[in-house]
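Enquirer: I need the structure of the sequence given here:
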Amino acid sequence: MASDSEATDLKRMLKKIAFYLLLLTGSFILWIALEFLAQQLSDRFDPLRVDHKKKTLSINQSYFDDYFLYRLPAFYTTSASNRAIHLEKKNRFRIFCLGESTTAGYPYNTFPQYNCPVSYPNYLRAILQYNKNMPEIEMLNAGCDALNSLSVLQLFADLRKFQPDLVIIYSGHNEFFGPNEFALPKEKAMFYQNEKLAENFLRLRRTFLYQGIRWLLQFLPKRMRVEHQDYAAWSQKNYILSNDPLNEAVQKNYRQNLTQIARMARTAGIKLVFCTPVSNWTFPPFISRHGREFAKLELARWDSLFQQAKTAFQKGEYRDAITLYDKIKQMDSTYADLYFQSGKAYAKLNEKEAGLELWRAKDFDAMPFRAKSSISVICRETAVRENVVVADLEQLFIQLSNGFYPNPNLFVDHLHPNDEGTFHIAAELARVIVANGLIPGITGIQCPDFEECRKVLKITDADVNRVEYDLTNESYLASLAKLNPEIESFLSRIRDKAVRHLENAHAPLSGSDKENKK
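Expert: Modelled structure (predicted):
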């Protein structure tokens, strides 16, 4: 009798297991079917949305917002202009610009109240359209603040079906943390360096199930949610030394992502331009850290020598300061601010070593918000290997300076070009595009000057200065200034210059008079 009872219990248990397996399988199949149906009926996860009434394809902001785990109020991630193209391509020549904040037009895209259309896609459109022999140019700015090369790879894959003739890729500054910097700790950033895991996670985000769960998560207690953190506090916990394995993973993945973009473009018959990312080497390092442990007395000696060198610099004794900095390098050769201070001394003497020292300061910065030199090298090498045209913007900005380092007068902060710098990027891209025959039948081009382009785009000094003033007070740099006193000095110079220019033009800081006139 006991065995019959056990057999009956076993049958019941097997039936329960079968029932739950069937229920689980059925639920999974139902979810797949509903998800498929919903995605067929919706363009929620497409980078461009169809407007049948206007007969246009326009930027879908939700698509770009999905790259971020957190939400910030008034966080303008994409460009304020070149956001739409015609639904029917016809004979138009389509140029898509993909990349990060420089492409989106940061910081000018983040203050829409000033309607300041500074971005290299805007300037490029103005330059190309200045030439009457050009076909009708259709420009789409698909740049988004904080995107990294993996995000750009996915974006490129999703945009192929919209038939671009030419795609310009500007990527490299956000390779370490991507869209979720200031939210995820460094350890979790390694997750995004695992290509397969990261790609599958990005696919999961493009589902209504994920978005539904994400909506529900906002009701969790604050301590359990992924939230944007204080910039300076986050940076002090998540700095990255030059010997961190994350550096190698970043280089490997950046190379793979650019290679995949190049091969997809070739298969689809899309012409491609890679841009080397350019940054301001004269901007002070965010975080400097010693590459080795110091004994207490040795550290005191290091600090003493460093202070002596700074004092010599302040007195104008630049050669003495350099001698002291060279002595300090023998004790520790990975401290970013050491090279930055040495570079400043060489710059005062107008010697070429200034470029090398400032370049090292950027590369040893423990908060890699600027692309390391290895990124530019990989960009150039991948372009050669995959037969892709390259616009070497880093070299361009060096040529526009004293030949030692990128011209600091062409930047608004640590890496974003200012109005004039943005124009130079566009002018170089126009030259590269025509020189390489990327627009059929076009072998020469006339480039209007900076002021002519500004006039066409209705860019005013007042609006540019208002944006740059607000940048010093409201951007993440205002918080990151806590990391290095010299950053606050840099911001003060930008702020004072903006105020001075506005006062000379008798224009208010807020631009409220313009709003009142409207």
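
Enquirer: my read: residue 395 touches residue 355, true?
Expert: No - counting by C-beta atoms under 8 Å, residue 395 sits too far from residue 355 to count as a contact (11.9 Å). Glycine gets a C-beta too; all of them are placed from N, C-alpha and C.

Enquirer: Comparing the two, which residue is more hemmed in?
Expert: Using other C-beta atoms under 10 Å as the criterion, residue 395 and residue 355 rank with residue 355 on top: 20 against 16.

Enquirer: just the helices in the stretch 251-400 of the chain please.
Expert: 296-314, 318-329, 336-348, 353-364, 373-385, 393-399 (DSSP state H, counting those that start in this stretch).

Enquirer: Next, name the residue at the spatial heart of this protein.
Expert: Centroid check for the chain by C-alpha atoms, centre = their mean gives residue 100 as the closest residue, at 3.4 Å.

Enquirer: Three-state assignment for the nearest residue to that residue once chain neighbours are set aside, please.
Expert: Sequence neighbours aside, residue 147 is the residue nearest to residue 100 in space, at 4.9 Å (criterion: C-beta to C-beta, 6 or more residues apart in numbering). At residue 147 the chain is in coil, as set by DSSP: H, G, I helix; E, B strand; the rest coil.

Enquirer: quick thing: my sequence starts at 41, can you match it?
Expert: Will do, 41 is the new start, and the previous item becomes residue 187.

Enquirer: can you tell me which residues contact residue 201?
Expert: Not one residue lies near residue 201 by C-beta atoms under 8 Å, 6 or more residues apart in numbering.

Enquirer: How about residue 385?
Expert: 353, 358-359, 361-362, 365.

Enquirer: By neighbour count, sort out the buried ones in the residues you listed.
Expert: Buried residues within the contacts of residue 385, defined by neighbour count using 16 or more other C-beta atoms under 10 Å: 353, 358, 361-362, 365.

Enquirer: Could you single out the nearest of these to residue 421?
Expert: The nearest member of the buried ones among the contacts of residue 385 to residue 421, counting by C-beta to C-beta, is residue 365 at 32.2 Å.

Enquirer: who's in contact with the closest one?
Expert: Contacts of residue 365 by C-beta under 8 Å, 6+ apart are 349, 378, 381-382, 385.

Enquirer: roughly how far apart are it and residue 311?
Expert: Distance, residue 365 to residue 311, by C-beta to C-beta, to the nearest Å: 47 Å.

Enquirer: can you check residue 454 too?
Expert: Distance, residue 454 to residue 311, using C-beta to C-beta: 31 Å.

Enquirer: Could you check which of those two has the larger neighbour count?
Expert: residue 454 (23 against 20).

Enquirer: I'd guessed that one sits against residue 321; true?
Expert: No - contact criterion C-beta under 8 Å: residue 454 and residue 321 do not qualify, at 9.4 Å.

Enquirer: In the protein, where is pLDDT below threshold?
Expert: 41-43, 111-116, 227-235, 263-266, 551-558 (pLDDT under 70).

Enquirer: Where is the longest helix in it?
Expert: If you go by DSSP state H, the chain has its longest helix at helix 42-81.

Enquirer: immediately after that helix, which helix or strand?
Expert: For helix 42-81, the following helix or strand on the C-terminal side (DSSP states H and E) is strand 88-91.

Enquirer: Only the buried residues of that following strand, if you could.
Expert: Applying a neighbour-count criterion of 16+ other C-beta under 10 Å, one finds 88-89 buried in strand 88-91.

Enquirer: need the contact list for the closest residue to residue 374 other than its chain neighbours.
Expert: Sequence neighbours aside, residue 331 is the residue nearest to residue 374 in space, at 3.3 Å (criterion: C-beta to C-beta, 6+ apart). Counting by C-beta under 8 Å, 6+ apart, residue 331 touches 281-283, 372-375.

Enquirer: Any of those residues buried? List them.
Expert: With burial judged by 16+ other C-beta under 10 Å, the buried subset of the contacts of residue 331 is 282, 372, 374-375.

Enquirer: quick one: the helices in the stretch 91-240 of the chain?
Expert: Residue ranges of the helices in the stretch 91-240 of the chain, as given by DSSP H, counting those that start in this stretch, are 101-105, 141-144, 160-170, 189-199, 226-232, 235-245.

Enquirer: Deepest-packed of those, please.
Expert: helix 141-144 (a mean of 27; mean count of other C-beta atoms under 10 Å).

Enquirer: How much space separates residue 364 from residue 319?
Expert: Between residue 364 and residue 319 the computed distance is 27 Å (C-beta to C-beta).

Enquirer: ok, residue 420 touching residue 434?
Expert: No - Residue 420 is beyond contact range of residue 434, at 9.2 Å (criterion: C-beta under 8 Å).

Enquirer: And for residue 360, nearest residue in space, chain neighbours not counted?
Expert: residue 352 (4.4 Å).

Enquirer: again with residue 323
Expert: What sits nearest to residue 323 in space, not counting adjacent residues and going by C-beta to C-beta, 6+ apart, is residue 454, at 4.0 Å.

Enquirer: Which secondary structure state does the one you found sit in?
Expert: Using three-state DSSP, the three-state assignment for residue 454 comes out as coil.

Enquirer: For it, give its distance to residue 221.
Expert: Look at residue 454 and residue 221: by C-beta to C-beta, they are 14 Å apart.

Enquirer: ditto for residue 288
Expert: Distance of residue 288 to residue 221, computed by C-beta to C-beta: 19 Å.

Enquirer: quick one, which of the two is more surrounded?
Expert: residue 221 (22 against 12).

Enquirer: Do me a favour and get the backbone dihedrals for that one.
Expert: Listed backbone geometry of residue 221 is phi -60, psi 150, with angles given as degrees, to the nearest 10.

Enquirer: quick one, domains of the chain?
Expert: Domain assignment for the chain by automatic domain parsing gives 102-324+409-498, 336-404.

Enquirer: In JSON lines: the ones you listed, plus distance to residue 92.
Expert: Output for the domains of the chain, formatted as JSON lines (distance: least, C-beta to C-beta, whole Å):
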{"stretch": "domain 102-324+409-498", "distance to residue 92": "7"}
{"stretch": "domain 336-404", "distance to residue 92": "48"}
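
Enquirer: Residue 408 against residue 216, yeah?
Expert: Yes - in this structure, residue 408 is within contact of residue 216 by C-beta under 8 Å, at 5.2 Å.

Enquirer: which neighbours do these two share?
Expert: In contact with both residue 408 and residue 216: residue 280, using C-beta under 8 Å, 6+ apart.

Enquirer: so which of the helices of the stretch 291-440 of the chain comes closest to residue 118?
Expert: Nearest of those (C-beta to C-beta): helix 433-439, 21.0 Å.

Enquirer: residues in contact with the closest one?
Expert: 315-318, 395, 416, 444-447, 450, 461, 464-465, 468.

Enquirer: And these, which is closest to residue 146?
Expert: Nearest to residue 146 out of the contacts of helix 433-439 is residue 461 (C-beta to C-beta; 12.2 Å).

Enquirer: Which residues are in contact with the closest one?
Expert: Listed by C-beta under 8 Å, 6+ apart, the contact set of residue 461 reads 437, 447, 450-452.

Enquirer: And it, how far from residue 147?
Expert: For residue 461, the distance to residue 147 - C-beta to C-beta - is 12 Å.
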